[in-house]
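Chemist: Quick one, fold the following:
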Amino acid sequence: MFGVPHFALGAELTLGCAATERNRAFGYRHVCSIIGQFLGIVAMYFVLTAQVRGPAAVRSLAASITLTVGASLICIVFGSVATLRERQTLAVHKGAGFSICRSFSGVLTNRHARILSLVYFIEEGGKSSFSLMAVYYIQYVLEVDPSVASLVMVAYMICSMCSVPGW
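Modeler: Numbers count the residues shown, from 1 in each chain. The predicted structure follows:
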């Protein structure tokens, strides 16, 4: 629910600007996304290393991380809603009210939006599978400390972030 407007924000903010400005906005969004994922990996590293101290330590740390991230997310979302305003030309859709069916229909009838959605689905599915399997593979197949999985994921993110100037 938050992703679709978030991805559209770069195009909306750069409406009427040069294509390089739009690319820059999407590049910044990607880099900030990687930084957020990196912070998630750091949190995962601490949870994995807390396993040595026992399940109670893991539960306590996970609860603290969850509350911190949840409170931060609430502040960021409410701050965004309070400070970002939609352009007046987009606020009223020619007298038509909002319809989720019309919104989905608009995406499904647009060939480029369908392709973009498919590519995004494949990318996110790959990242999610990689993230889940890395911990399992490292801990049970390679029989290495699972905190090493964090380093593997960080390497992936660094490569992803370094590719931004290329596209």
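Chemist: G106 belongs to a helix, doesn't it?
Modeler: Yes: counting by DSSP: H, G, I helix; E, B strand; the rest coil, G106 is part of a helix.
Chemist: got the contact list for it?
Modeler: Going by C-beta atoms under 8 Å, 6 or more residues apart in numbering, G106 touches A113. Any C-beta I mention is one placed from the backbone N, CA and C, and that applies to glycine too.
Chemist: go on, E143?
Modeler: Listed by C-beta under 8 Å, 6+ apart, E143 has no contact partners.
Chemist: sec struct for it, please.
Modeler: The assignment at E143 comes out as coil when based on three-state DSSP.
Chemist: Please renumber the chain so that the first residue is 21 from this point on.
Modeler: Yes, from this point I'll number from 21; that puts the last item at E163.
Chemist: quick one: it from T69, how far?
Modeler: Separation of E163 from T69 (C-beta to C-beta, to the nearest Å): 17 Å.
Chemist: Over to D165: give its phi and psi.
Modeler: Here is the backbone geometry of D165 (degrees, to the nearest 10): phi -50, psi 130.
Chemist: Retrieve the pLDDT associated with it.
Modeler: If you check D165, the pLDDT there is 76.
Chemist: separation between the residue sitting nearest the centre point of the chain and C95?
Modeler: What sits nearest the mean C-alpha location of the chain, by C-alpha atoms, centre = their mean, is S53, with 5.1 Å. Distance, S53 to C95, by C-beta to C-beta: 18 Å.
Chemist: Could you do C121 as well?
Modeler: Using C-beta to C-beta, C121 is found at 33 Å from C95.
Chemist: These two: which is more packed in?
Modeler: Neighbour tally, C121 and C95, criterion other C-beta atoms under 10 Å: the higher count belongs to C95, 10 against 7.
Chemist: Could you check which helix or strand contains the more buried one?
Modeler: Element membership of C95, judged by DSSP states H and E, is helix 75-103.
Chemist: same question, E143
Modeler: Assigned by DSSP H and E, E143 falls in helix 131-156.
Chemist: so how far is the helix or strand following that helix off the chain centroid?
Modeler: Remark: after helix 131-156, the chain's next helix or strand is helix 168-182, criterion DSSP H and E. Put simply, helix 168-182 sits 15 Å off its chain's centre (C-alpha atoms, centre = their mean, to the nearest Å).
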